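Chemist: give me a model of this one.
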Amino acid sequence: MNKLALVSVLLLATASASFAAVYVYPANGQSPEQQAQDQAQCHGWAVSQSGYDPHNPPPAPPGPSTGGPPQTAGAGGGAVGGAIIGGIVDGSDGAWKGAAIGGLVGGVRRQREYAAKSAQQNQYNQQTGAWYQQMQSSFDAANKVCLEGRGYTVS
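Modeler: Numbering: from 1, shown residues only. Have a look, this model is predicted:
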């Protein structure tokens, strides 16, 4: 998953969690106008306390790049090198064998490099997702405290 797609998914998940999970009931008979004003003020206070605004989340920190899918150039480069060495060492038949072996070795090497980079990207994605969840939880807690302090039931 590329960084842009990750950020989009995280923003949607964060926004969905923020908007869908909070229910506010005016336990003291507050008017809809008063409730809207209190919710807006509590939102601002929660942002100042948590350092996080779910309506305007910060971008994810830069992460590792996977460099894209494996390229055939790795296999092709190995094949050419193998053919040259095989041709020198073992004549014309050795060139074909060397090309096959060199291509296989080059392709395996690219696959291993790609797998290692993919593992790094997955770890980054998990850490970034956990960071966004922590920030959202901090905001939600501050927002809830504020609203409850103003006489609302929040769940």
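Chemist: tell me where the protein has strands.
Modeler: 24-25, 153-154 (DSSP state E).
Chemist: which residues does the first one contact?
Modeler: If I follow you right, that is strand 24-25. 35, 39, 147, 152-154 (CB atoms under 8 Å, 6 or more residues apart in numbering). Quick note: C-beta positions are derived from backbone N, CA and C, even for glycine.
Chemist: now do the end-to-end distance for stretch 21-28.
Modeler: 22 Å (CA to CA, to the nearest Å).
Chemist: which one of the contacts of strand 24-25 is nearest to R112?
Modeler: V154 (51.0 Å; CB to CB).
Chemist: in the contacts of strand 24-25, find the pair that's most separated.
Modeler: By the measure CB to CB, Q39 and T153 form the most distant pair in the contacts of strand 24-25, at 13.2 Å.
Chemist: tell me where the chain has helices.
Modeler: 3-20, 32-50, 72-149 (DSSP state H).
Chemist: for stretch 46-58, measure first residue to last.
Modeler: Start-to-end, stretch 46-58 (CA to CA) is 16 Å.
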